[in-house]
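Visitor: Provided below are the primary sequence and the corresponding predicted coordinates.
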Amino acid sequence: MNLVPWEGAEWPPRAWQAEALPLIIDGLKRGQAGLVCAVMGAGKSILQAELVRMATRNLRDRVIVVCVPTQRLVRQLSATMANRLGEDRVGQFYGKKKQVRDVIVTCNPSLPKLQLALEEAGRGVGLCVVDEAHRSEATTIRETIPLLKPVTLVGFTATPFRSVPRETVSLFDTVFYRYNIEDAVRDRVLVPPRVEFWRGTQGVAIDEACLELMEQNAQGPGIVSARSIEDAEAYAAWLTERGWPALAVHSGLKTTEQDARLEQLRTGELRAVVHVSLLAEGVDLPWLRWLCLRRKVQASVRFLQEVGRVLRVDRTPNTMLGPKNDGVILDPHLLLGQFGWTTPEAIGR
């Protein structure tokens, strides 16, 4: 099958995506297991879909496996893949869904069961794509992927380092392509950050400090971090009592309810959503205008994943707020000073 990269794509590729694709393919042909390190919001899923499409040329009896951390990401990424390749070629493998097709998107906890299912079906793996590859040191991933025996292996991540320096991203031996935040802001793929620190009186309770920062700097839909489900519910109620209509979003809610509350935020019915881990990975909310780092974050990976979510360009016109020119980060704990904006990649360190 002769396929031309990006031919028939709904949208033309961004410059970095067009540049990265042949470099990834060349690296895979050389037998390398490599990473694509691209900042949050750059469009990794579109590049993954095109790479998978090109890899379907010589599948024979093999499949392509794409593994992601969560079931939400399975649904999200499989939809992107199906849009490019066709729904009949893309399957989901998690929970009660066990669809073995040319391309299989699975969540990390389901990977061992998928490996057994492919072994029983006599299907090999041509290409394995590991999304959010900074999680690949987890035992499930590190032990199961070698059992899949993929002909080629590639990982995608915005944070190709580990919070603990002694750990490595051991499944990968090189970096195929890098695209950092400076590149993305230059190309208008991301908006620049605007950071607002707490400069008020020392000793003020964190809840009060966050509300004051929000009153002074937060316009449009935004999100506040919390330590736990109970904390998220309590702070959402506290904000509502003080004239900031808010609801909590967390894993204790059904996905449909989470989505409904986010829609209330987007449309302006809510002024804030208080979350526990919503912005850690894979959530695409380009209409977010601000976030408040109310919870102290100890892990650099988690911190940069969360901050990056508010920097996505919003291409949907907003007549009330106008264009999104920056992403506002409210930092009452001075976390940016603790972590910094540039953290060295530590592959193999």
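Guide: Done, it's in.
Visitor: Can you classify residue 53 as helix, strand or coil?
Guide: Classification of residue 53 by DSSP: H, G, I helix; E, B strand; the rest coil places it in helix.
Visitor: Please name the residues that touch it.
Guide: Going by CB atoms under 8 Å, 6 or more residues apart in numbering, residue 53 touches 3, 84-85. Yep, even glycine has a C-beta here, placed from its N, CA and C like the rest.
Visitor: nearest to residue 318, of those residues?
Guide: Nearest to residue 318 among the contacts of residue 53, counting by CB to CB, is residue 84 at 28.3 Å.
Visitor: That closest one - nearest residue in space that isn't next to it in sequence?
Guide: In space, and not counting its chain neighbours, residue 84 is closest to residue 49: 4.3 Å by CB to CB, 6 or more residues apart in numbering.
Visitor: That neighbour: which element?
Guide: helix 44-55 (DSSP states H and E).
Visitor: Quick one: mean pLDDT for that helix?
Guide: Confidence for helix 44-55, expressed as mean pLDDT, is 96.
Visitor: Packing partners of the helix or strand just after it?
Guide: Where DSSP H and E defines the elements, the next helix or strand beyond helix 44-55 is strand 62-68. Counting contacts by 3 or more CB pairs under 8 Å, 6 or more residues apart in numbering; DSSP states H and E, strand 62-68 is packed against helix 44-55, helix 71-85, strand 103-107, helix 111-121, strand 124-131.
Visitor: which outside residues touch the last one?
Guide: The list of residues contacting strand 124-131 from outside it, by CB under 8 Å, 6+ apart, reads 28, 44-45, 48, 51-52, 55, 58-69, 73, 77, 118, 136, 141, 145, 148-157, 171, 282.
Visitor: Can I get the buried part of those as one PyMOL selection?
Guide: The buried residues among these can be selected in PyMOL (16 or more other CB atoms under 10 Å) with this line:
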select buried, resi 28+44+45+48+51+52+55+59+62+63+64+65+66+67+68+69+73+77+118+136+141+145+148+150+152+153+154+155+156+157+171+282
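Visitor: From residue 195, how far off is the residue sitting furthest away from the middle of the chain?
Guide: Distance from the C-alpha centroid of the chain, by CA atoms, centre = their mean, peaks at residue 201 (35.8 Å). Distance of residue 201 to residue 195, computed by CB to CB, to the nearest Å: 20 Å.
Visitor: circling back to that earlier point, looking at the helices and strands packed on strand 62-68, which is closest to residue 221?
Guide: Ranking the helices and strands packed on strand 62-68 by proximity to residue 221 (CB to CB) places helix 71-85 first, at 19.4 Å.
Visitor: and the helix or strand just after that closest one, which strands flank it?
Guide: Heading C-terminal from helix 71-85, the first helix or strand you meet, by DSSP H and E, is strand 90-94. Sheet partners assigned to strand 90-94 using DSSP bridges are listed as strand 97-98 (antiparallel), strand 103-107 (parallel).
Visitor: and those, which is most packed in?
Guide: Counting by mean count of other CB atoms under 10 Å, strand 103-107 has the highest mean neighbour count of the strands paired with strand 90-94, with a mean of 26.
Visitor: I'd like the average pLDDT over it.
Guide: Across strand 103-107, pLDDT averages out at 97.
Visitor: what residues does it touch?
Guide: 52, 56, 63-71, 73-74, 77-78, 81, 85, 89-94, 114.
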